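J.: sharing a model prediction with you, sequence too.
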Amino acid sequence: MVRPYFAVSALEGADPVSSLLLGTPTSPPSPVSPPAFLLFQCNHHCCFCLFSSNDLARFLLFSQFSILMEKSAYFLFGGTNFNKKKFATDFAKFKKCKEDDDSTKKVSFFEEEEEPEHEKKAVSSKKRKRRSANSEPIEGFDVFKSSKKARGKGKEEENTKNEVVENPNKELNRRMEQDALARKQYNIHVSGSNIPPPLKSFAELSSRYGCKGFILRNLAELGFREPTPIQRQAIPVLLSGRECFACAPTGSGKTFAFICPMLMKLKRPSTDGIRAVILSPARELAAQTAREGKKLIKGSEFRIRLMTKPLVKTADFSKLKCDVLISTPMRLQRAIKAKKIDLSKVEFLVLDESDKLFEQSLLKQIDSVVKACSNPSIIRSLFSATLPDSVEELARSIMHDAVRVIIGRKNTASETVKQTLVFAGTEEGKLIALRQRFAESLNPPVLIFVQSKERAKELYDELKGESIRVGVIHSDLPPGERENAVDSFRAGETWVLIATDVIARGMDFKGINCVINYDFPDSASAYIHRIGRSGRAGRSGEAVTFYTEEDVPYLRNIANTMTSSGCEVPSWIMSLKKQKWKKHRPRRDAIYTRPTADEDVQEE
Ligand SMILES: Nc1ncnc2c1ncn2[C@@H]1O[C@H](COP(=O)(O)OP(=O)(O)OP(=O)(O)O)[C@@H](O)[C@H]1O
């Protein structure tokens, strides 16, 4: 039997083979296994690798889960048998009402006519006999036909036999075709083996997977009529117990794509420690994910906790009731280091914004969290709107039999955002262009990104004296002030929020009309995430990117992203040479137009 195997964090220069052996597996993968090799290639300074392949335990757990699911589903759906023939008139009325009434559609997740798959399995043989005795005979499948009658059928019987032999293949092919068509329709691309079909509707959560009523009710209450493409595919993948790495555009509903199956798989609240962990790269995003998750557990006993500073300091985690813990890597690592928290029972680990989490600066923290989540049957998943090849390789090597789900084209910006580039010449030119824009039409809420906290402060000082309600957020602010900045912006008290990339990822501000890249983004992925704060959940939005002379060599990288999401770019930009992937953060002149005290003195 293959035992779980972890080998983590070898520092620069370490031998990949010896670092692999740190985990001392009973039966390790071959010491020069391709995953290990790949890992070293894609991380110049640090190697992070993990192998977990306890297939037997996974299989047993899954079987137990299936049995439990069958049982609970039987209780949920058993005994309700609507006689459509007898109540034909009423049924017709009901059907019509269902079609007419939008609000009924909302809760129609419960009204699947098709029998749940697991329920079908759970029906006892006694009941099956009773059913088949009552049901109309179906030609070729009536096992109660007399043998005499059957003998008389002769050729017919032969045909039936062939049909039965052929049918499983035919049926399989038909289903595969249907799945492929559905994936094509929703622009879903998958790779991996035995991938479950995409969801047709939220109702299938109940009919196919026996989803608890409170989740369906909450989804309906949120006004979600149908799953987004990433939800259609990622939810069944995770529900089938598979690991998954997924890439879908900004604002396309990835959060519920992992929270929903996680809650369904947890089945019921427990007092037996933390069972799921979601890692987010920034506090604001972690807080938002916790808030969204809480919307989905309304009416249940589940507990979702956000790892805050006071919680790290004072909580007794052994007594804390918590099913799902949401944290930044740093806070969780602190609790792990202080031996305050036991993550050995964690069944689900989600790395949200995974490409950010796998950046060099966070790798050690991620490493210690992954190590602490030592349950061999853990299901890990990676989600992001950008998935560089290096991260994909890393994901492949650390995950077990993972399914890859890509919506649309990898690493593209949201198609609902109108994107433009504006040449501002100099730093001073940017400020003039910004003021001019505000004078012509200020359509709040507007989000402005700058490249550093110093520049965020400078721009805020410039604009705060004007008639615009402006806020600022960067990593130098204390947590309370950061929270206030976000809350005021959400509440519409501030119209313009100046920010560093600290809120570029994942933040879901409803209805941002315009994102202004005051400073050119340092990479194409930063561009995709920044402008993705607008144009969310199918809404339209706008993004304006200022550039100066020093940004020109990097225009082409952004231009590619723009064209692949359907925006026009001047041909001279498209003919520029492509730059190698490199963070672009030039030293820029300070932001000011008002004379400083020194200049005042000189002028006098
Ligand atoms: N099925 C759905 N129907 C309608 N709206 C949805 C659905 N699922 C999620 N949403 C809404 O879509 C918005 C964006 O969702 P979410 O924040 O999960 O996007 P995301 O893909 O994680 O984006 P990002 O890449 O920026 O993190 C949210 O306001 C959410 O409430």
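T.: Happy to help now that I have it. Computed from a prediction, not measured in an experiment: that's the story for all the values here.
J.: only alpha carbons, please: show stretch 249-256 as CSV.
T.: Backbone C-alpha positions of stretch 249-256 (Å, rounded to 0.1, in the frame of the first residue of the first chain) are rendered in CSV as follows:
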residue,chain,number,x,y,z
PRO,A,249,-12.1,34.6,-15.6
THR,A,250,-12.4,37.2,-12.8
GLY,A,251,-15.8,37.6,-11.4
SER,A,252,-17.1,34.3,-12.7
GLY,A,253,-18.1,32.8,-9.4
LYS,A,254,-15.1,30.7,-8.4
THR,A,255,-15.8,31.3,-4.7
PHE,A,256,-19.0,29.4,-4.6
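J.: do it and the ligand meet?
T.: Yes: applying Cβ under 6 Å from any ligand atom, one finds stretch 249-256 in contact with the ligand at Thr250, Gly251, Ser252, Gly253, Lys254, Thr255, Phe256. For the C-beta atoms, the positions are set from N, CA and C on the backbone; glycine is no exception.
J.: tally of neighbours for Ile235?
T.: 28 (other Cβ atoms under 10 Å).
J.: and it, backbone torsions?
T.: phi -60, psi -50 (degrees, to the nearest 10).
J.: any idea how far Pro236 is from the closest residue to it other than its chain neighbours?
T.: Nearest-residue entry for Ile235: Pro261, 4.9 Å, with adjacent residues in sequence omitted and distances by Cβ to Cβ, 6 or more residues apart in numbering. For Pro261, the distance to Pro236 equals 8 Å [Cβ to Cβ, to the nearest Å].
J.: neighbour count winner among the two?
T.: The neighbour count for Pro261 versus Pro236, taken as other Cβ under 10 Å, is higher for Pro261 (27 against 23).
J.: my read: that one touches Ser240, true?
T.: No: Pro261 lies out of contact with Ser240 (Cβ atoms under 8 Å); the separation is 9.2 Å.
J.: pull up the overlap in contacts between these two.
T.: Shared contacts of Pro261 and Ser240, defined by Cβ atoms under 8 Å, 6 or more residues apart in numbering, are absent.
J.: in what helix or strand does Leu311 lie?
T.: Counting by DSSP states H and E, the element that carries Leu311 is helix 309-314.
J.: which ones are touching Tyr186?
T.: Contacts of Tyr186 by Cβ under 8 Å, 6+ apart are Pro198, Pro229, Arg232, Gln233, Ile407.
J.: and for the residue nearest to the first one when sequence neighbours are not counted, the neighbour number?
T.: The one in question is Pro198. Excluding its sequence neighbours, the residue lying closest to Pro198 (Cβ to Cβ, 6+ apart) is Arg232, at 4.0 Å. Arg232 has 26 neighbours, counted by other Cβ under 10 Å.
J.: so what does the helix or strand where Arg232 lies touch, helix or strand wise?
T.: Taking DSSP H and E as the definition, Arg232 sits inside helix 229-239. For helix 229-239, the packing partners by 3 or more Cβ pairs under 8 Å, 6 or more residues apart in numbering; DSSP states H and E come out as strand 188-191, helix 203-209, strand 244-247, helix 254-266, strand 379-384, strand 403-407.
J.: just want the most central residue of the chain.
T.: Of all residues in the chain, the one closest to the mean position by Cα atoms, centre = their mean is Lys254, 3.1 Å from it.
J.: which segments of the protein make up each domain?
T.: 2-119, 186-407, 417-574 (automatic domain parsing).
J.: endpoints of the longest one, how far apart?
T.: The first and final residues of domain 186-407 sit 8 Å from each other (Cα to Cα, to the nearest Å).
J.: which per-residue confidence value corresponds to Ser414?
T.: Note for Ser414: predicted pLDDT of 89.
J.: in contact with the nearest residue to Leu332 once chain neighbours are set aside, which residues are there?
T.: Nearest non-adjacent residue to Leu332, counting by Cβ to Cβ, 6+ apart: Val369, 5.3 Å away. Contacts here follow Cβ under 8 Å, 6+ apart; on that basis Val369 touches Val277, Leu279, Pro329, Leu332, Gln333, Ile336, Leu343, Leu349.
J.: at 10 Å instead, please
T.: Val369 is in contact with 277, 279, 327, 329, 332-333, 335-336, 343, 346, 349, 351, 357, counting by Cβ atoms under 10 Å, 6 or more residues apart in numbering.
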